[in-house]
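Novice: sequence plus predicted model, see below.
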Amino acid sequence: MTTASRVLESRQVRYGDETTIHYTVSGPADGPVMVLIHGWACDRRDYDEISAHLPRDLRVVAVDLAEHGESRSTRTSYSMAAFAGDVVAVLEAEDVSDAIVVGHSLGGAVAVEVALAAPVRVARVIALDALHYTFLFGALDDAQADAFLTLLRDDFPGLVRSMVEAGSPEGTDEALKDAYFAKMVAVRQPAGSAAYEGLVRWDMEKALAAVTRPVTVYAVREMLNPESVAHLEGRVEAVVPIDLGSHHFGVENPTGTAALLAAVAAR
């Protein structure tokens, strides 16, 4: 596949007896590496246009997590750590070290877990509109998690619609919201529901306390509240408000998102 300035080469890696991860690579083999992880119920194609606008000397690896996009698995665990295993398998296959690992939404949690699982392969973590949502603050016990997951079990389309609305600042194009809903509601099951539950049950506090690589959060300004900034202070390197669109700003504004990531890579 060819974008404006990059040829995206499709590859795959199989690990264990149950999981095949598909991913794309582009850019020089000896260039600094940026790894891109999509959000829940999305796929690596969300990064195609972003990749096209990234610096040409950057090696870009975009991953489909298990049961998202083209990747397939028969496993039963879709925790953040299990998804991190998908990304680590790609890093090992590509012999990557010192990568900037970028994750959008759920992918931000996965990126943190990647840095925990393979710190020698990760230089820093960039969370794109991730980690600052208050339901992640403090580990939920079983009763709290079950209450939070009621809508998941009783009305999955309603859950997806509510997520799209919650991630859409006032004025977001209704056609865009409908497109996000249609894509996300079609996530492969039962992995899609299991992945959502995996995020709800993820212990972010424990993960951020243990990670040794710097984590920066870029959050949509209109959805970032002072409570979140205060809670993440000392847990991440920085929380940076951005004005690039809705929760899915990478799709809406790929040039602006690429410029943000290029600035990170240039540090």
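Specialist: Perfect, I can see it now. Given the structure is predicted, the values throughout are model-derived calculations rather than measurements. Residues are numbered from 1 along each chain as shown.
Novice: C-alpha only now, for contacts and for neighbours.
Specialist: Noted.
Novice: any low-confidence regions in the stretch 1-150 of the chain?
Specialist: Along the stretch 1-150 of the chain, the parts satisfying pLDDT under 70 run over 1-5.
Novice: what about the strands in it?
Specialist: Listed in chain order, the strands of the stretch 1-150 of the chain (DSSP state E, counting those that start in this stretch) span 9-15, 19-26, 33-37, 59-63, 72-73, 99-104, 122-128.
Novice: any chance of these in a markdown table, plus distance to residue 183?
Specialist: Shown next, in a markdown table, are the strands of the stretch 1-150 of the chain (distance: least, Cα to Cα, whole Å):
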| stretch | distance to residue 183 |
| --- | --- |
| strand 9-15 | 22 |
| strand 19-26 | 19 |
| strand 33-37 | 17 |
| strand 59-63 | 17 |
| strand 72-73 | 18 |
| strand 99-104 | 16 |
| strand 122-128 | 19 |
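Novice: for residue 262, find the nearest of those strands.
Specialist: Closest approach to residue 262 among the strands of the stretch 1-150 of the chain is made by strand 33-37 (9.8 Å; Cα to Cα).
Novice: give me the contact list for the closest one.
Specialist: 44, 47, 58-65, 96-104, 107-108, 110-111, 265 (Cα atoms under 8 Å, 6 or more residues apart in numbering).
Novice: over to stretch 145-157?
Specialist: Residues from elsewhere that reach stretch 145-157 (Cα under 8 Å, 6+ apart): 158, 159, 185, 193, 197, 200, 201.
Novice: closest to residue 9 out of those?
Specialist: Among the contacts of stretch 145-157, and counting by Cα to Cα, the member closest to residue 9 is residue 185, at 28.0 Å.
Novice: correct me, but the closest one touches residue 162?
Specialist: No - at 11.3 Å, residue 185 does not count as touching residue 162 under the criterion of Cα atoms under 8 Å.
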